[in-house]
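J.: Here is a sequence together with a model predicted from it:
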Amino acid sequence: MSNDLAPEVVLPALASRRLGRSYEFLPACGSTNDEVASRAAAGAQEGLLVAADVQTAGRGRRGRVWHSPSGDNLYGSLLLRPALPARLAAPLALLAGAALGQTLAALGFSPRLKWPNDVLLDTPAGLRKVAGVLAEMTSEGQRVRHVVLGVGVNVNSRAFPASLAQVATSLRLVSGRRLERGALLAAFVNAFEPLYDGYLVDGPAAGLAVWRRHALLGQQCWASRGQTRIEGTAADVDDAGALVLRTAAGETIAVHAGEVHWL
């Protein structure tokens, strides 16, 4: 019986025109993002997709370790080469979140997207993280050279380390059923490609509308700007991919990077 991330499983499920059509499955690697970045530096074409059964050095934003046990979950990275100024690349992570939201909703889940890169599911203990996006850009001058778009989804895990037990969940824990990782990966790529193509032609509005459909907005939060703490309501995202905070005084502030702490 073949692995559920094997090419013979993933490729027939793809409806995309180019993304994912060059696909590599690795039994193990340090990080799928690093694997794709290495291939990008060697001249790989846009659309390369790499998935692994296990990561030994998986990571999330800000270098945090991503729990990557063998055989249970989805770890995949996609190579993009958008003809964009580097300053316009930030919305790509939100578009990936939107595609994950669409994919999970089609499977009967009710995903909530938390800016900038978390996908949450409701559990009896409250909202818990089920997936994340890691977008890593390399630029040349003011232009994007390539973007490595990584996604990690807790698919079939039934237990987590103590450090994650209060914040993480999996699709299996929420649904009570085992899911096929290859079908999930293909469905994500199928959902992402039209959002990505639309962004390149018409800008981010349509993709961000999909993101808002699943977004966790209206919540109180605070962010740091230098040494200043800014507190307000997560009101929206703008076309640059920034989170728009509305303060108690009615001021709107765009948070482009850094940590947002939800109250």
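T.: Sure, I can see it. Remember, predicted model here, so these are calculated numbers, not experimental data. Residues are numbered from 1 along each chain as shown.
J.: Is it correct that Asp118 is in contact with Leu134?
T.: No. Counting by CB atoms under 8 Å, Asp118 does not reach Leu134; the two are 11.1 Å apart. Glycine gets a C-beta too; all of them are placed from N, C-alpha and C.
J.: Compare these two and say which one has the larger neighbour count.
T.: Higher neighbour count among Asp118 and Leu134: Leu134, with 23 against 20, using other CB atoms under 10 Å.
J.: Against Leu263, how distant is the more buried one?
T.: With distances taken as CB to CB, to the nearest Å, Leu134 is found 25 Å from Leu263.
J.: Tell me the buried residues in stretch 39-59?
T.: 39-40, 44, 46-55, 58-59 (16 or more other CB atoms under 10 Å).
J.: Apologies, that question was intended for stretch 228-247.
T.: Gly232, Thr233, Ala234, Asp236, Val237, Gly241, Ala242, Leu243, Val244, Leu245.
J.: The fourth one falls within a helix, correct?
T.: No. When DSSP: H, G, I helix; E, B strand; the rest coil is applied, Asp236 is found to be strand, with no helix at that position.
J.: Mind telling me what element the residue nearest to it when sequence neighbours are not counted is part of?
T.: Spatially, and ignoring its direct neighbours in sequence, Asp236 is nearest to Val244 (4.5 Å; CB to CB, 6 or more residues apart in numbering). Following DSSP states H and E, one finds Val244 within strand 243-246.
J.: And the helix or strand just after that strand, what does it pack against?
T.: Note on strand 243-246: by DSSP H and E, the next helix or strand toward the C-terminus is strand 252-255. In this structure, strand 252-255 makes packing contacts with strand 220-225, strand 228-237, strand 243-246, judged by 3 or more CB pairs under 8 Å, 6 or more residues apart in numbering; DSSP states H and E.
J.: in its sheet, what does strand 252-255 sit against?
T.: Applying DSSP bridges to the sheet, strand 252-255 is found paired with strand 243-246 (antiparallel).
J.: mean confidence for the partner strand?
T.: The average of the pLDDT scores along strand 243-246 is 94.
J.: So what's the gap between it and the chain middle?
T.: Computed by CA atoms, centre = their mean, to the nearest Å, the chain-centroid distance of strand 243-246 equals 21 Å.
J.: Which residues outside it are in contact with it?
T.: 115-116, 221, 223, 230-238, 252-255, 260 (CB atoms under 8 Å, 6 or more residues apart in numbering).
J.: Now the element after the longest helix seen in the chain, going C-ward?
T.: What stands out as the longest helix in the chain, according to DSSP state H, is helix 181-202. Next along the chain after helix 181-202, taking DSSP H and E as the criterion, comes helix 205-213.
J.: who are the neighbours in contact with Leu5?
T.: Phe25, Ala51, Ala52, Asp53, Leu74, Arg181, Gly182, Leu185.
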